[in-house]
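Participant: Dropping the sequence and predicted coords here.
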Amino acid sequence: MTFFNFLDYLTKDKIHYTEISKEDWKCFDIFMINRYLSMNTDLIGLVNQLQTMTNTMTKEQVYRLYYGILPQQKFYFKYIKAKSKDNKYNEDLINLIRKYYHVSNTESNEYLDIYFKDEKGTEELKKLLIRFGIDNKVINKMLKFKKSAK
């Protein structure tokens, strides 16, 4: 059993909570139920209002709440994925900047955006990489990665 079964139990099949076994309740995840229900544009407002209450409720209480509120019909829950992050920069370059400035990967990418804004910044970055003891050939390879991503 998966939590997808519970989505069907709450909407399409309308299975009463007393008919669900204790073993099946282990698959009920309040967060995931709220997340998937909110993927439906017809339900997003309702789920948004109810999810603050569901954080303090038991699994059975949440199930009973949605069971009583949701109509018996087949819903389509389109999962919205986070946008994939295409690496604009060479992974080694990101790691070097992250370690040098003691920042996160995201901040490291922002630093590199600043370095690559103009030629002077790129030259400063090259000097920094030379101070790390990186060979010019490797530096050029790291910097070409950015140029090909433009």
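Facilitator: Noted; the coordinates are in hand. Numbers count the residues shown, from 1 in each chain.
Participant: which non-adjacent residue is nearest residue 15?
Facilitator: In space, and not counting its chain neighbours, residue 15 is closest to residue 9: 4.0 Å by Cβ to Cβ, 6 or more residues apart in numbering. C-beta: built from backbone N, CA, C; applies to glycine.
Participant: Give me the number of neighbouring residues for that neighbour.
Facilitator: When neighbours are counted by other Cβ atoms under 10 Å, residue 9 registers 22.
Participant: Give me the pLDDT for it.
Facilitator: The confidence metric pLDDT takes the value 95 at residue 9.
Participant: contacting residues for it?
Facilitator: By Cβ atoms under 8 Å, 6 or more residues apart in numbering, residue 9 lies in contact with 15, 20, 63, 67.
Participant: For it, give me phi and psi.
Facilitator: Per-residue torsions, residue 9: phi -60, psi -40 (degrees, to the nearest 10).
Participant: re the thing from before, taking the contacts of residue 9 together, which two end up most distant?
Facilitator: Comparing every pair within those by Cβ to Cβ identifies 20 and 67 as the most remote, at 10.5 Å.
Participant: Now for the spatially closest residue to residue 28 that is not a sequence neighbour: which residues touch it?
Facilitator: Nearest residue to residue 28, sequence neighbours excluded (Cβ to Cβ, 6+ apart): residue 59, at 4.7 Å. For residue 59, the contact set (Cβ under 8 Å, 6+ apart) comprises 25, 28, 30.
Participant: Hmm, residue 60 and the last one touching each other?
Facilitator: No - counting by Cβ atoms under 8 Å, residue 30 does not reach residue 60; the two are 10.7 Å apart.
Participant: between these two, who's got more neighbours?
Facilitator: The residue with more neighbours, out of residue 30 and residue 60, is residue 30; 18 against 14, by other Cβ under 10 Å.
Participant: Helices of this structure, start to end?
Facilitator: 3-10, 22-25, 30-37, 44-54, 59-69, 91-101, 105-115, 119-131, 136-149 (DSSP state H).
Participant: can you redo the ones you listed as a markdown table with distance to residue 78?
Facilitator: Conversion of the helices of the chain to a markdown table gives the following (distance: least, Cβ to Cβ, whole Å):
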| stretch | distance to residue 78 |
| --- | --- |
| helix 3-10 | 13 |
| helix 22-25 | 25 |
| helix 30-37 | 9 |
| helix 44-54 | 12 |
| helix 59-69 | 19 |
| helix 91-101 | 32 |
| helix 105-115 | 27 |
| helix 119-131 | 42 |
| helix 136-149 | 30 |
